[in-house]
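3D, please:
(4 chains)
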2 protein chains.
Amino acid sequence: MHHSQSHPFIAKLESIFTLAGEERQALIDLPMQVQGVRADQDIVREGDCPSRCCLLLEGFACRYSTTHNGTRQILSFHIPGEMPDLQSIHLKTMDHSLQTITPCKVGFITHETVRDLCRRYPRIGSALWRETLIDGAIFREWMINIGRREAYARACHLLCEMMTRMRAVGLAEDHTCELPITQGELGDALGITVVHANRVLQEIRKDKLISLTKKTLTVLDWEGLKRAGEFEPTYLHLESDRPAA
Amino acid sequence: MHHSQSHPFIAKLESIFTLAGEERQALIDLPMQVQGVRADQDIVREGDCPSRCCLLLEGFACRYSTTHNGTRQILSFHIPGEMPDLQSIHLKTMDHSLQTITPCKVGFITHETVRDLCRRYPRIGSALWRETLIDGAIFREWMINIGRREAYARACHLLCEMMTRMRAVGLAEDHTCELPITQGELGDALGITVVHANRVLQEIRKDKLISLTKKTLTVLDWEGLKRAGEFEPTYLHLESDRPAA
DNA sequence: CGTTTGGTTGAAATGTGTCAAACTTTGTGG
DNA sequence: CCACAAAGTTTGACACATTTCAACCAAACG
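Residues are numbered from 1 along each chain as shown, chains lettered A, B, ... in the order given. Below you'll find the model as predicted:
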């Protein structure tokens, strides 16, 4: 909990396995260029071939892509401690963009540094690979959500996911957490229009499942919200769910 | 081209980088239990905690998940040379199922064997990580497809993708390849009903973009199909698109 | 304090789902 | 190899979730 304040990345890895002293030190010494970024700024853009990847230290970000007719699909939301473009160490060209949602503090780490870290500390390498696999699991779940659930359930599912992920890194008190996304962004993540996102949110509020004001989400009826969104947290592969070795 | 017949996995890796003699030998010697599987059989199921992963040697397979009301979302299609459940080496519990579409020949390789392979031959390890990242890129693209394009465009996009992937491993002649999926499966992949999948397919055929009979797909107008599906193959990260080192 | 951004509302248009039936192809056991 | 069952495809009419468009309101902000 303390570490999530001081260094969210270490906290994240330590939620997976216990770092050896040497590993922990390597992470602390990790050379990175820390930088503040205003809200709604692209960090990397589709088509770029970045030579470093970014560690989100503070703030919210999202990955997205835009279709020909100008509509946008948000592919994922990101919270502190995550490396949203880690895949770029093995995939040269960005096939989507990464953007801040709130003002953020990000650390840029060169690909060479990351590769070196993975080589020297294979357990960290495995953990990073694992992170990208969980990313993939979340993408799959979003596909199910968008493809097979109707808007009301989709929204509930997403709210459950965000609450669960925030709680997992100590950023939720009880059933309350920050959720600084607009209804437009919510719609873009769920594959619906702003207008419909608005109507669906109103319904969820009317059904007393959540309250969402001033960028703060409070889940009033966790079981009800889970049920409505068919939320099963297995796909997030949290805590205890790890291979033996 | 020859290798895709003899050992599609080696062919796949060789499309990414040139294997050293030792690496190649290690792959040939890879202990695996080869097994035939009938069509429409689950290979691993949601909730399982497999101790090995499977290499698809012959046939088509798909990953899928089922919602509460019984509808199914297909998450990906798989062709020979792929390891559809490679993620299980780092994610203990399966969050979706893997099923054959046609009769298949699969090779089961224990997680320990794969981990050992990655440890001994880091370049192979990187290549496997990379494969799972491309998986993720395809999931993202499907999200965009399902979330932001209408059914007609979705279908075109998927057909472009399958043709491109088949061609990449030498399984397409010209603009013709095998595509042994039913309209039900197509619908489940696109997030629409069978009925609608059928109507959309008819339209695409009427527009002379494709012919699809007897499990064989022929693209009659590649540029037209690409345009209709807004297909940009970048996200497949084929051939030349690799990091320098 | 005005301007921008985000939220809310209503009515009409439309893409896709649902249901139910018929038709066609494929596969299989006798 | 036929006969029959099962699986897959096609069709029509109707229902409904979601989009579109257009306006208005509220909150945030410099």
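
so stretch A:49-57, near chain B or not?
No - Stretch A:49-57 lies out of reach of chain B by Cβ under 8 Å from any Cβ of the partner chain, never closer than 8.7 Å. Yep, even glycine has a C-beta here, placed from its N, CA and C like the rest.

and that stretch, how far from the chain's centre?
Offset of stretch A:49-57 from its chain centre (Cα atoms, centre = their mean, to the nearest Å): 15 Å.

show me the contact partners of it.
In this structure, residues lying in contact with stretch A:49-57 by Cβ atoms under 8 Å, 6 or more residues apart in numbering or on different chains are A:8-9, A:32, A:34, A:43-44, A:78-86, A:88-89, A:92-94, A:98, A:104-111, A:113-114.

narrow the residues you listed to those in helices?
A:8-9, A:111, A:113-114 (DSSP state H).

can you pick out the most distant pair from these?
Greatest spacing in those, by Cβ to Cβ: A:8 and A:111 (20.7 Å).

quick revisit: turn the ones in helices among the contacts of stretch A:49-57 into a markdown table, including pLDDT and neighbour count.
Shown next, in a markdown table, are these (pLDDT from 0 to 100; neighbours: other Cβ atoms under 10 Å in any protein chain shown):
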| residue | pLDDT | neighbour count |
| --- | --- | --- |
| A:8 | 86 | 21 |
| A:9 | 89 | 22 |
| A:111 | 98 | 19 |
| A:113 | 97 | 16 |
| A:114 | 97 | 22 |
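
so which of these also contact chain B?
Counting by Cβ under 8 Å from any Cβ, the subset of those that neighbours chain B consists of residue A:111.

how close does the nearest residue to residue A:110 once chain neighbours are set aside sit to DNA strand C?
Distances taken as Cβ to Cβ, 6 or more residues apart in numbering or on different chains put residue A:52 closest to residue A:110, at 4.4 Å, once the chain neighbours are dropped. Using Cβ to the nearest atom of the strand, to the nearest Å, residue A:52 is found at 28 Å from DNA strand C.

could you pull up phi and psi at residue A:52?
Note on residue A:52: backbone dihedrals following degrees, to the nearest 10 are phi -150, psi 160.

ok, back up a step: can you say which of the contacts of stretch A:49-57 are buried?
Buried subset of the contacts of stretch A:49-57 (neighbour count, 16 or more other Cβ atoms under 10 Å in any protein chain shown): A:8-9, A:32, A:43-44, A:78-86, A:88-89, A:92-94, A:98, A:104, A:106-111, A:113-114.

just these: which are in strands?
A:43-44, A:78, A:98, A:104, A:106-110 (DSSP state E).

contact partners of whichever helix or strand residue A:73 is part of?
Per DSSP states H and E: residue A:73 is located in strand A:72-78. Strand A:72-78 is contacted by residues A:56, A:60-67, A:84, A:96, A:101, A:135, A:138-139, A:142, A:162, A:181, A:185, A:188-189, A:191, B:140, B:143-144, B:147-148 when judged by Cβ under 8 Å, 6+ apart.

any quick PyMOL command for the buried ones out of those?
Buried residues among these (16+ other Cβ under 10 Å), as a PyMOL selection:
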select buried, (chain A and resi 56+60+61+62+63+64+65+84+96+101+135+138+139+142+162+181+185+188+189+191) or (chain B and resi 140+143+144+147+148)
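
near DNA strand D too, which of the contacts of strand A:72-78?
residue A:191 (Cβ under 7 Å from any atom of the strand).

tell me which of the contacts of strand A:72-78 fall in helices.
Using DSSP H, the contacts of strand A:72-78 in helices are A:135, A:138-139, A:142, A:162, A:185, A:188-189, B:140, B:143-144, B:147-148.

shaky segments in chain A?
A:1-6, A:240-245 (pLDDT under 70).

could you find the closest non-adjacent residue to residue A:224?
residue A:209 (5.2 Å).

for that neighbour, phi and psi?
phi -90, psi -40.

residues from chain A in reach of DNA strand D?
Chain A comes close to DNA strand D at residues A:150-152, A:191-193, A:195-196, A:199-200, A:214, as judged by Cβ under 7 Å from any atom of the strand.

make it 6 Å
By Cβ under 6 Å from any atom of the strand, the residues of chain A that approach DNA strand D are A:150-151, A:192-193, A:195-196, A:214.

neighbours around the residue nearest to residue A:83 when sequence neighbours are not counted, how many?
Among residues not flanking residue A:83 along the chain, residue A:55 sits closest, at 5.2 Å (Cβ to Cβ, 6+ apart). Residues lying near residue A:55 (other Cβ atoms under 10 Å in any protein chain shown) number 25.

can you name the residues bridging to residue A:55?
Beta-bridge partners for residue A:55, by DSSP bridges, are residue A:107.

tell me which residue is most central in chain A.
Central residue of chain A (Cα atoms, centre = their mean): residue A:78, 2.7 Å from the mean position.

if I look at that residue, how far off is residue A:169?
11 Å (Cβ to Cβ, to the nearest Å).

ditto for residue A:225
In terms of Cβ to Cβ, residue A:225 sits 20 Å off from residue A:169.

same question for residue A:159.
Relative to residue A:169, and taking Cβ to Cβ, residue A:159 is found at 17 Å.

higher neighbour count, those two?
residue A:159 (24 against 18).

wait, what's in contact with that one?
A:179, A:204, A:210, A:217, A:219, A:225, A:229.

what sits against the first one?
Which is residue A:179. A:159, A:162, A:212, A:215-217.

again with the second one
Residue A:204 makes contacts with A:152, A:155-156, A:159, A:210, A:225, A:228, as judged by Cβ under 8 Å, 6+ apart.

now, those residues that are in strands?
residue A:210.

now, among the contacts of residue A:204, which is nearest to residue B:236?
residue A:155 (31.2 Å).

can you tell me the SS state at the residue nearest to residue A:103 when sequence neighbours are not counted?
Leaving aside its sequence neighbours, residue A:103 sits nearest to residue A:39 (Cβ to Cβ, 6+ apart; 5.2 Å). Secondary structure for residue A:39, judged by DSSP: H, G, I helix; E, B strand; the rest coil, is coil.

test my guess that residue A:39 contacts residue A:102.
Yes - Residue A:39 is in contact with residue A:102 according to Cβ atoms under 8 Å; the separation is 5.3 Å.

on that earlier part again, biggest separation within the contacts of residue A:204, which pair?
Every pair of the contacts of residue A:204 checked by Cβ to Cβ; the farthest is A:152 and A:210, at 12.1 Å.

with distance to residue B:48 added, can I get the ones in strands among the buried ones among the contacts of stretch A:49-57 in a markdown table?
A markdown table is the format used below for those (distance: Cβ to Cβ, whole Å):
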| residue | distance to residue B:48 |
| --- | --- |
| A:43 | 37 |
| A:44 | 36 |
| A:78 | 29 |
| A:98 | 34 |
| A:104 | 38 |
| A:106 | 38 |
| A:107 | 38 |
| A:108 | 39 |
| A:109 | 36 |
| A:110 | 39 |
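
between those residues, which sits nearest DNA strand D?
residue A:104 (14.7 Å; Cβ to the nearest atom of the strand).

that closest one and DNA strand C, how far apart?
15 Å.

grab the nearest non-local neighbour of that residue.
Closest residue to residue A:104 apart from its sequence neighbours, by Cβ to Cβ, 6+ apart: residue A:59 at 3.2 Å.

over to residue A:38?
residue A:103 (5.7 Å).

burial count for that neighbour?
Quick note: residue A:103 (other Cβ under 10 Å) scores 15 neighbours.

same question, residue A:231
That count, for residue A:231 with other Cβ under 10 Å as the rule, works out to 23.

contacts only, for residue A:80.
A:4, A:8, A:56-59, A:169, A:171.
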